[in-house]
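*Asks:* Any chance you can model this:
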Amino acid sequence: MHLFEHVGKEERKRVCFISDRQKGVLIGLENFWPRAWNRYCYRHIYANFKKDFPALQLRSLFWAAAKSSNLIEFNAVMSQIKAVDLVAYSWLLGIPSKHWSRHGFEESIKVDHWATTLPPAIHKRLEDIKKEARHIIPIWAGEDEYEVKDISRHYIPPVKNRLPGRPKLARRREADEQKRDGRSTRVKCGLCRQCGHNKRSCSRNPENINKRTRYE
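*Replies:* Residues are numbered from 1 along each chain as shown. As a prediction, the model looks like this:
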């Protein structure tokens, strides 16, 4: 009665209920919604079925019968159940197939029926991409490569911001490279041809030898 106050009486469209086959629910549907479609919950039927018939083969056959989309397929599966266990076959026959097998459902009852071959979310995404691609021109560049030209957008390089301080001219050295000293060029002596000093400070310079002799 409480549900009837919220749902109301059937007008033009028939209501479809899914129940667990409780006696009070079935009586209430007959009294308040006599034209309503009544389906039984798979999970409750399966729970009661496997309690009495725990064989794994019968469980698989039950789901095959429940998902049968036509009467021929349903009868074929029921024949297999009958060959495995006659009691299980009789148990399922006690429940009208129009309440629990797909082939017996009314075709006009559909929940979240898709009008397209793709899910709605993917279909909407493709529609948005199609709108954006209207201004894009693909130009064949050879084999499977294409150059895409967008005539509606113009891209410019980002504004280059100069960092504070004097710009660094020296390249970055790798970790295994020798660090550079302060000099950009190495000094080479003109007398002894060794690096690290010049001719004036060379120990072989006669002027330096005379200076040391004079002071000594």
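
*Asks:* show me what contacts Leu93?
*Replies:* The contact partners of Leu93, by C-beta atoms under 8 Å, 6 or more residues apart in numbering, come to Met78. All C-beta spots, glycine's among them, are computed from the backbone N, C-alpha and C.

*Asks:* what's the answer for His197, then?
*Replies:* 187, 189.

*Asks:* and the gap between it and Trp63?
*Replies:* The spacing between His197 and Trp63, counted by C-beta to C-beta, to the nearest Å, is 95 Å.

*Asks:* Spell out the secondary structure type for the most centrally placed residue in the chain.
*Replies:* Central residue of the chain (C-alpha atoms, centre = their mean): Ile122, 11.7 Å from the mean position. For Ile122, the assignment made with DSSP: H, G, I helix; E, B strand; the rest coil gives helix.

*Asks:* can you check Ala141 too?
*Replies:* The local conformation at Ala141, judged by three-state DSSP, is strand.

*Asks:* Show me the helices in the protein, by range?
*Replies:* Here the chain has its helices, by DSSP state H, at 2-7, 23-32, 42-52, 56-66, 71-84, 86-93, 120-132, 206-215.

*Asks:* mind checking which of those is nearest Val187?
*Replies:* Ranking the helices of the chain by proximity to Val187 (C-beta to C-beta) places helix 206-215 first, at 16.0 Å.

*Asks:* coming back round to it: right, and the helices of the chain - which one's nearest Leu191?
*Replies:* Across these, Leu191 has its closest neighbour in helix 206-215 (9.4 Å, C-beta to C-beta).

*Asks:* State the mean pLDDT of stretch 85-93.
*Replies:* Averaging pLDDT along stretch 85-93 gives 90.

*Asks:* Next, count neighbours for the residue nearest to Phe53 when sequence neighbours are not counted.
*Replies:* In space, and not counting its chain neighbours, Phe53 is closest to Ala88: 4.5 Å by C-beta to C-beta, 6 or more residues apart in numbering. Neighbour count for Ala88, taken as other C-beta atoms under 10 Å: 18.

*Asks:* measure Ala88 to Pro96 for me?
*Replies:* 17 Å.

*Asks:* Can you give me the domain boundaries for this structure?
*Replies:* Recorded structural domains for the chain (assignment: automatic domain parsing) are 41-106, 124-150.

*Asks:* related to what we said a few turns ago, so the residue nearest to Phe53 is in contact with Ile81, correct?
*Replies:* Yes - the pair Ala88 and Ile81 qualifies as a contact (C-beta atoms under 8 Å) at a distance of 5.7 Å.

*Asks:* I am finished for the moment; much appreciated.
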